[in-house]
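Trainee: generate coordinates for the sequence data below:
(chains A and B, ligands or ions: 3)
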Amino acid sequence: MNSTKPNGFGVLTSDLVLKIDEIIQTYESNSTRLVGILLDIQDIVPKQYIPREVASYVSETMNIPLSKVYDVISFYAALSDVPRADYVIQLCDSVVCKVTGNTILRDAITELLGIKEQEATADGKYWLEYTPCFGACDISPAMRINGKVFGHLTTQDSVKAALDLYK
Amino acid sequence: MSKTVSIITENFGKYDPSSIDSYLSIGGFSAVKKALAMSSGEIIEMTKKAAVKGRGGAAYDTGRKWAQAASVQGDDKVVICNADEGEPCTFKDRSIISQDPFRLLEGMIIAGYTVGAKNGYIYLREEYRHLKPLLLNAIRESTEKGYLGDNILGSGFSFHIHLYSGAGAYVCGEGSTLIESIEGKSGRPRIKPPFIKECGLFQLPTLVNNVETLAIAATFIQHGVEEYLSHGTPDSPGTKIISLAGNVKNPGAYEIPFGLTLREIIYDIGGGIPDGHELKLFQLGGASGKVGDASILDTPYTYEALAKQGLVVGSGGILVVDDRTRVIDFVKSVQDFFIHESCGKCTPCREGNRQIAKIIDRFVDGNQHQDDLQTAERFANIMKNCAFCGLGETAQSTLLSAINHFPEEFGLEVAASEKH
Ligand SMILES: Cc1cc2nc3c(=O)[nH]c(=O)nc-3n(C[C@H](O)[C@H](O)[C@H](O)COP(=O)(O)O)c2cc1C
Ligand code: SF4
Ligand code: FES
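Mentor: Ligands and ions are numbered 1, 2, ... in the order given. Here you go, the predicted structure:
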């Protein structure tokens, strides 16, 4: 559509710019859609986060002050301003998963991947974070990998089987 | 499992939720057809008769809310479906969206028609993003077939539904905060007045209802109020979808008539506690709800009977905890949740949660100071009375009710005769 877009540098490659433009277009550049737009952009940025350049780009393209863009990014738990990994693992840390034994799940991840909360594996593949209840309490203890829910994770084997789907 | 019923959930498993043809083949959209043949006033009368208390947690009378929304002046109004379902131990809205999305749309269309709205918004939590394609498809197919959009079924009534995504913030389930979020901002509650029923989303008069409330509306319009009222008790008529989880053999979302006892719910429907353990406590209504102990298991699950025991229906979450978890560790887990979710706008909640957490941590380690409990209770009561929104007002319900039911766990001496 708009062929005079800057090429960008660093994370903001011309390919990414095109995709971001597409997302913003899908939402008709509607500023009330900022949360959804940022979520969709985060999905396509390597390491699943909103880099500074991307935030600025969204701010300029949509004509929203950068401070407002950052107000949103820093407020919502689902938006990250630090690089994560190819696969974001979210362990539910809320009370149902607690009473059904999510410590096994946590220990299994730490043993299998060698990472703790808010850490990524050295190869940049996996990132681990705790998250409040995501409504999978009926199959607790549960985790999400890139948004997909896995439940009944009561053994190290069951955790490994889920991780093996993301290599 | 025969104690459960299928009224709101009657369509679960009966059709393919990704196909409107499948929905139409089981009589789908008959509620909308019936509603469009009625006047707004008639629907409001029916809704009042059905006596449905809002299922999002606050239990506000739906008929009253719809009557108020309809009487607000304005030819451009908004209906919001609250699908934020952020309360821990609550997943019943997920069951509706994933198994009967079209009935939810019917409920929204009926609500829109009744109050005179042109647009509906579904605010779906990010955690349910996997349900987004299903909802978008339902909206698209319904629009294509004329059940949604301009001039619905030739009635002259036009209604459009838009899907917005949350981004992981429990406080956004609160009505005015949800509106801030849909407007593309961070989620902090608005000061009232103005009330959202008069000035809500995009400054328009706004009706906010929970997913289950809207599904119930479609249900009693389709089958008649008498049919719906034939379930439940005189005081708490109808049915409720509960989210039963924790240390029970059969966790799940179940539709029950009001009036079953907690014992029936936990032992007959839930199958009881696994691995030969004993029930220690239960928590009703999610993290913002209240806890009870085994001595009150024969309480019927109705708004009135639970209130007498200091309990709430709330979101309909029923969390069962057995003797493997200490009460104080349970309380700490709930406290951690509220620290994480407090939006920080007001001091009682922002600071109160932190200070109480410090005290709870000392209890967890057994290092509590002599006046810690008193201090925690004092702060908790300040939060209950002074917090800016419902989050802070209810954040300490678990602690206060736990102290009440398990005083010994907080180092309080109890005379044997005082124990229930
Ligand atoms: C902190 C907080 C979180 C809430 N979360 C939800 C929620 O996730 N879903 C919901 O329907 N209502 C939630 N509510 C209640 C809503 O404010 C509102 O009462 C409800 O959506 C109205 O719909 P109803 O009358 O059909 O229950 C929440 C309230 C507060 C204070
Ligand atoms: S009570 Fe808590 S969540 Fe509500 S406005 Fe105050 S700080 Fe924010
Ligand atoms: S408490 Fe873990 S998914 Fe609900």
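Trainee: wait, isn't B:Ile356 in contact with B:Val334?
Mentor: No - with contact defined as C-beta atoms under 8 Å, B:Ile356 does not reach B:Val334; the gap is 10.8 Å. No exception for glycine: its C-beta is placed from N, CA and C like everyone else's.
Trainee: what sits in contact with each of those two?
Mentor: Listed as contacting both B:Ile356 and B:Val334 by C-beta atoms under 8 Å, 6 or more residues apart in numbering or on different chains are B:Leu399.
Trainee: what about the longest strand along chain B, near ligand 3?
Mentor: Counting by DSSP state E, the longest strand found in chain B is strand B:239-246. No - legend: contact between strand B:239-246 and ligand 3 by C-beta under 6 Å from any ligand atom is lacking; minimum distance shown is 7.2 Å.
Trainee: tell me the helices and strands packed up against that strand.
Mentor: Other helices and strands packing on strand B:239-246, by 3 or more C-beta pairs under 8 Å, 6 or more residues apart in numbering or on different chains; DSSP states H and E, are helix A:95-99, helix B:92-99, strand B:252-257, strand B:317-322.
Trainee: what strands line up against it, and which way round?
Mentor: strand B:252-257 (antiparallel), strand B:317-322 (parallel) (DSSP bridges).
Trainee: most tightly packed of these?
Mentor: Compared across these, strand B:317-322 shows the largest average neighbour count, a mean of 26 (mean count of other C-beta atoms under 10 Å in any protein chain shown).
Trainee: after that strand, next one along is what?
Mentor: Scanning forward in sequence from strand B:317-322 by DSSP states H and E, the next helix or strand is helix B:327-341.
Trainee: what mean pLDDT does that next one get?
Mentor: The average pLDDT for helix B:327-341 rounds to 98.
Trainee: also stretch A:67-76?
Mentor: Averaging pLDDT along stretch A:67-76 yields 98.
Trainee: ok, stretch B:345-353 next?
Mentor: For stretch B:345-353, mean pLDDT is 98.
Trainee: and what of stretch B:57-71?
Mentor: 97.
Trainee: put the alpha carbons of that stretch into CSV.
Mentor: Output of stretch B:57-71 as CSV, limited to C-alpha atoms (Å, rounded to 0.1, in the frame of the first residue of the first chain):
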residue,chain,number,x,y,z
GLY,B,57,-20.1,-12.2,40.3
ALA,B,58,-21.9,-9.0,41.5
ALA,B,59,-25.3,-10.7,41.4
TYR,B,60,-27.2,-7.6,40.2
ASP,B,61,-30.8,-8.3,39.1
THR,B,62,-30.7,-8.6,35.3
GLY,B,63,-34.3,-7.5,34.8
ARG,B,64,-33.7,-4.3,36.7
LYS,B,65,-30.4,-3.7,34.8
TRP,B,66,-32.1,-4.2,31.4
ALA,B,67,-35.0,-1.9,32.4
GLN,B,68,-32.6,0.8,33.4
ALA,B,69,-30.6,0.4,30.2
ALA,B,70,-33.7,0.6,28.1
SER,B,71,-35.0,3.7,29.8
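Trainee: contacts for it, please.
Mentor: B:40, B:43-45, B:47-54, B:77, B:87, B:111, B:114-116, B:197, B:205, B:207, B:209-210, B:213, B:216-217, B:285-286, B:288, B:303, B:312-315, B:390.
Trainee: close to ligand 2: what parts of chain B are there?
Mentor: For chain B, the contact set with ligand 2 under C-beta under 6 Å from any ligand atom comprises B:171, B:189, B:342-346, B:349-350, B:387-389, B:391-392.
Trainee: could you chop chain A up by domain?
Mentor: Listed by automatic domain parsing, the domain ranges of chain A are A:14-75, A:87-164.
Trainee: would the last one count as contacting chain B?
Mentor: Okay, so that is domain A:87-164. Yes - on the criterion C-beta under 8 Å from any C-beta of the partner chain, domain A:87-164 is in touch with chain B at A:93-96, A:98-100, A:131-140, A:144, A:147-149.
Trainee: close to ligand 2, is that domain?
Mentor: No - against ligand 2, domain A:87-164 shows no contacts by C-beta under 6 Å from any ligand atom, the least distance being 13.7 Å.
Trainee: okay, how far is it across that domain, tip to tip?
Mentor: End-to-end distance of domain A:87-164 (C-alpha to C-alpha, to the nearest Å): 12 Å.
Trainee: ligand 3 is nearest to which of the helices and strands packed on strand B:239-246?
Mentor: Distance to ligand 3, taken as C-beta to the nearest ligand atom, is lowest for helix A:95-99 among the helices and strands packed on strand B:239-246, at 3.4 Å.
Trainee: tell me what whichever helix or strand comes after the closest one is packed against?
Mentor: Scanning forward in sequence from helix A:95-99 by DSSP H and E, the next helix or strand is helix A:102-113. Secondary-structure packing of helix A:102-113 (3+ C-beta pairs under 8 Å, 6+ apart): strand A:87-92, strand A:126-131, helix A:156-163.
Trainee: okay if I get the ones you listed as JSON lines plus mean neighbour count and distance to B:Leu279?
Mentor: Putting the helices and strands packed on helix A:102-113 into JSON lines (neighbours: other C-beta atoms under 10 Å in any protein chain shown; distance: least, C-beta to C-beta, whole Å) gives the following:
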{"stretch": "strand A:87-92", "mean neighbour count": "23", "distance to B:Leu279": "23"}
{"stretch": "strand A:126-131", "mean neighbour count": "20", "distance to B:Leu279": "27"}
{"stretch": "helix A:156-163", "mean neighbour count": "17", "distance to B:Leu279": "26"}
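Trainee: what's the closest of these to B:Asn367?
Mentor: strand A:126-131 (24.8 Å; C-beta to C-beta).
Trainee: assign B:Leu131 to helix, strand or coil.
Mentor: What DSSP: H, G, I helix; E, B strand; the rest coil gives for B:Leu131 is helix.
Trainee: try B:Val79
Mentor: What three-state DSSP gives for B:Val79 is strand.
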